[in-house]
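Q: Fold the stuff below for me.
(3 chains)
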Amino acid sequence: MIEVDNVAKTFVVRQRSKGMRRSRREVHAVGGLTFSVAAGEMVGYIGPNGAGKSTTIKMLTGILVPSSGRLTVAGVDPARERVGMARRIGVVFGQRTTLWWDLPLRDSFGLLRRIYRVPAARYRENLDRFVELLELAPLLDVPVRQLSLGQRMRGDIAAALMHDPDVLYLDEPTIGLDIVSKVKVREFLRELRADKGTTILLTTHDLTDIEQLCSRVMVIDHGRLVYDGGLPGLHELGESERTMIVDLDRVMPPIEVDSARVVRTDGPRQWLAFPTSASAAPLVSQIAARYPLADLSIAEPAIEDVIARLYVQGSAVAR
Amino acid sequence: MAVYAAVYWRSFRRYSTYRAATYAGIFTNTIFGFIMAYTYIALWHARPHLGGYNQTQAVTYVFLGQALLLTCAIFGGGFSEEFAERLRKGDIAIDLYRPVNLQGWWLASDLGRAGFHFLGRGIAPLLIGALVFQLQLTTDPLVWLGFIASVFLGVVVSFGLRYLVALSGFWLMDSRGVEQLAGLVAMFMSGMVLPLTVFPTWLGDVARVLPWSAMLQVPVDVLLGKRSALSALRFEAIWAVIVLVLGQALTAVATRRVVVQGG
Amino acid sequence: MAYRTSFVMMTTAQFVVTGLDFATIGIMFTHTNSLGGYTLPEVAFLYSASGVSLGLADLLCGNVERLGQRVRDGSLDVMLIRPVPTLVQMAADQFALRRLGRITQAGGVLVWSMTRLHVHWTVDRIVLVPVMLIAGTAIFCAIFVLGAAFQFVSGDASEVMNAFTYGGNFLTQYPPTIFARDLVRTMTLIIPLGFVNWMPALHILGKADPVGLPSVFQFLSPIVAAVLAAAGALAWRVGIRSYRSTGS
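A: This is a model prediction of the structure:
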């Protein structure tokens, strides 16, 4: 569905330094980007700020034209056929709305139906479905400017899907949402994929979104793809650590055991860090053999830490 | 006092940073000045001493009008937009609790803006007009001094009127309608579209005692030597006092309203 | 309901504001019977033709001047993902009915002026009136679009466009005979504002051309409008292409 082949995007930034001289600086927002997404996949696209996520989305949606490389979505080149592409995609921007500010939600939808030429029956069907799944019924007659962020986001999602696009792009959709709204949105996306087989590309800073929704994640940093695969692989790559919380029956000096190190103690409780990829079992038996163990639990690594490490690695590699 | 001076300079400097808008504005004012100049030339050709001016004075009037249009914010604007914004957002409540006179603050700010609009934006069309047309600009420095003083008071009167209009936002949901109306009245009654002496007698006589004439007609008459500076300044000062006192009173009423209603 | 009263107020306000210019002309004519050789009904005819054209153009295309704002806040991107040409979306963005204020006011003056004109209404003259209004509207529309396209280059320059649209309207309210010959020539041959109403009016009112251009010019409004409209569309296309290439 989405084919990206060695795509690069370079911006020329003109800065006016002191006096009248203007310096030209080339910013390589994205370089050597190559990946493909099959129809029906749900892919997460993450990276630090300024990594090139938005630039990628803009190129995929036809807002921006690549400097080099080939890019097609559903067989269409978005740069050349903007209008044709627009018919087959839906976009949800986290930071701005695609709805009309002063119009009630219902009217925005009606306008979109005209713009995308959705047949009346299908429109009815979609509208009813979205209203039910996203709980939009009480909001239909409210002008968009009076909606809360969560409500507006749900409206934006419905708007993006009214014309049954082949691909749905979500650019930071859960940013600023309360937890209830986030859960609703995730539910909805899961159902969407199951029902209609829509290809979904999701950029987000909220890594729980990724964990909950995506089986595949791409990590971009400094304009380059540093990871493209499943979540478990991400943990491995990041060389992340898990934490074992050990409760001894009395206060003791820091536990000494191979392949784990004590990071914190508080009375009889000690926190040990060990690599995620390693099994916890041998470690547990070692500790149990040599120390008076009262209780024990294991905490999974925060994916944030995983990603943070990856970024650090990535920039080390990029040098 | 130092506070007000600081507010003045900050405002002046701020408006000086809008470089593109300033150039565009000079361009627009010059264009309109030229068009109006030709219409006045045609009119004074038909009636050579209309309104007590000769043709040269009439054309001078046009370019002085363009110079003072923004200085005295004849069509409205200036500090009003910012003020209305603060009112809409509710930030104005903070201003009312500050130990600074609200009207004084905004007056200082508006004077700063007027200062830049006169020097940075008003003089240019006047000079360009002087190059192309024959204008009557006196060389008597005393007259110029009187003119400047008259413009200063004109700005104060203009501010006072716009302040009263802006305060209406406390009672009306949206002061924009009133502002538009006020701008319209000012354009007409200041002498911007035609000198007040050219108006039908009944209208012209009334307009000449009303405060709006202070924004344009009065200062221009000083520079063209049609009115003594003292007479002009006295007239403007009286109106300045009236509008400012009204402004203070209305501010107090508005403050009480805010305190009672909690913003 | 509040919406409707607000609309009525704003339309009335626009009506009065735009009528101010005609009040000025009216006052001028209390002191003379002719301005540049044109009588009051004749000047009113020029004034209203220009006003109707600008009013219609403002209604149809006025929104495009907000391009600079949309580029700055990124909302142009929202338009780029919809399957509709961006120019159409910009123009149709907000149908500000209050702009009817100018149109009705100028329309009223137009009708009045035509009843008072001493014109021998032949078929060609009658037909030329709507042609003049439509071409005039197209010319102003093109200027709106050109001005907006310029905002791709310099976001702050929307005021310059105002000088051409509102300035152009102000200029063409008055007869061409009162302006310097060079100015009239510029306004006809270089910046074709003169084709909004001056040139066709010369034929309708039976006046001589103050700069002595061939009389065929008096019928060229539609062609000038078409050329200018094409230029506007092209400028817009170039602007969008540049935006999609540089992202701002």
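
Q: Make sure C:D21 is actually in contact with C:L46.
A: No - at 11.5 Å, C:D21 does not count as touching C:L46 under the criterion of Cβ atoms under 8 Å. The way it works is simple: take the backbone N, C-alpha and C, and place the C-beta from them, glycine included.

Q: Overlap in contacts, these two.
A: Residues touching both C:D21 and C:L46 by Cβ atoms under 8 Å, 6 or more residues apart in numbering or on different chains: C:Q173.

Q: Would you check that C:N33 makes contact with C:E42?
A: No - using Cβ under 8 Å, C:N33 is not in contact with C:E42, being 11.1 Å away.

Q: Same drill for those two, tell me which one is more crowded.
A: C:E42 (24 against 8; other Cβ atoms under 10 Å in any protein chain shown).

Q: so what's that one closest to, chain neighbours aside?
A: Leaving aside its sequence neighbours, C:E42 sits nearest to C:L205 (Cβ to Cβ, 6 or more residues apart in numbering or on different chains; 5.6 Å).

Q: what's around C:L117, how many residues?
A: C:L117 has 17 nearby residues by other Cβ under 10 Å.

Q: OK, contacts around it?
A: Per Cβ under 8 Å, 6+ apart, neighbours of C:L117: C:P41, C:E42, C:F45, C:L205.

Q: of these, buried ones?
A: C:P41, C:E42, C:F45, C:L205 (16 or more other Cβ atoms under 10 Å in any protein chain shown).

Q: so where does the residue nearest to A:P254 when sequence neighbours are not counted fall, helix or strand?
A: Using Cβ to Cβ, 6+ apart and skipping the chain neighbours, the partner closest in space to A:P254 is A:V262 (4.2 Å). Using DSSP states H and E, A:V262 sits within strand A:261-266.

Q: Given that strand, what are its sheet partners and their directions?
A: Strand pairing for strand A:261-266, determined by DSSP bridges: strand A:269-275 (antiparallel).

Q: Just the C-alpha atoms of the following helix or strand past the strand it pairs with, please, in CSV.
A: Per DSSP H and E, the first helix or strand lying C-terminal to strand A:269-275 is helix A:281-290. The C-alpha coordinates for helix A:281-290 follow below in CSV (Å, rounded to 0.1, in the frame of the first residue of the first chain):
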residue,chain,number,x,y,z
ALA,A,281,14.8,-17.4,36.3
PRO,A,282,18.5,-18.1,37.0
LEU,A,283,18.8,-14.7,38.7
VAL,A,284,15.9,-15.6,41.0
SER,A,285,17.4,-18.9,42.0
GLN,A,286,20.8,-17.4,42.6
ILE,A,287,19.4,-14.8,44.9
ALA,A,288,17.1,-17.3,46.7
ALA,A,289,20.1,-19.6,47.2
ARG,A,290,22.3,-17.1,48.8
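
Q: Can you tell me what sits against helix A:281-290?
A: By Cβ under 8 Å, 6+ apart, helix A:281-290 touches A:M244, A:V246, A:I255, A:V257, A:D258, A:S259, A:A260, A:L272, A:F274, A:L293, A:L296.

Q: Centroid-nearest residue for chain C?
A: Centroid check for chain C by Cα atoms, centre = their mean gives C:L54 as the closest residue, at 3.1 Å.

Q: Apart from its neighbours in sequence, what residue is nearest that one?
A: Per Cβ to Cβ, 6+ apart, closest to C:L54 is C:N169, 4.5 Å.
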